[in-house]
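Enquirer: Here is the input, now give the coordinates:
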Amino acid sequence: MKVLFDTNILIDYLLGHVAANRELEQYKDCKISIITKMEILAGTSEDNEETIREFLDNFTIIGLNEEIAEIAISIRKKYKIKLPDAIIWATAKYCNGLLITRNTKDFPIHAPDIKVPYNI
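Expert: Predicted coordinates for the structure are as follows:
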């Protein structure tokens, strides 16, 4: 199964949440959006940036392209979610993958291509 992880799952993993670790271990070809990479690194101190970059190297990072942009525009119009979230979801759709997130505030959790594996 193709999956794309939302930023909050990676943050949970980095903070040592066991549920996030279990979720990440279930999949082999893990992808993240370039937005997730940017969000993670923007919140990283210089002291641990190298370690975080090494962690992110374990993921296939999907950049923004015209098709993802068009999907994100449609998502944003339909669901009125923030643009970074729309881009992340659009990236999962572009990859024909499942978006794994715990963001129940912004994403429609009953959508067939969204999985909320745990709550904190």
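Enquirer: Do you know the pLDDT at I120?
Expert: The model reports I120 with a pLDDT of 89.
Enquirer: Surely it touches N103?
Expert: No: here I120 does not reach N103: they are 11.3 Å apart, not a contact under C-beta atoms under 8 Å. Bear in mind the C-beta positions are built from the backbone N, C-alpha and C, glycine included.
Enquirer: of the two, who's got more company?
Expert: Taking neighbours as other C-beta atoms under 10 Å, I120 and N103 compare with N103 leading, 18 against 9.
Enquirer: tell me the contacts of the closest residue to I87 other than its chain neighbours?
Expert: Once flanking residues are discounted, I87 sits nearest to A72: 4.6 Å by C-beta to C-beta, 6 or more residues apart in numbering. Residues in contact with A72 (C-beta atoms under 8 Å, 6 or more residues apart in numbering) are 83, 86-87, 89-90.
Enquirer: now the strand or helix carrying I71, how far from the centre of its chain.
Expert: When elements are assigned from DSSP states H and E, I71 belongs to helix 66-79. Distance of helix 66-79 from its chain centroid, counting by C-alpha atoms, centre = their mean, to the nearest Å, is 16 Å.
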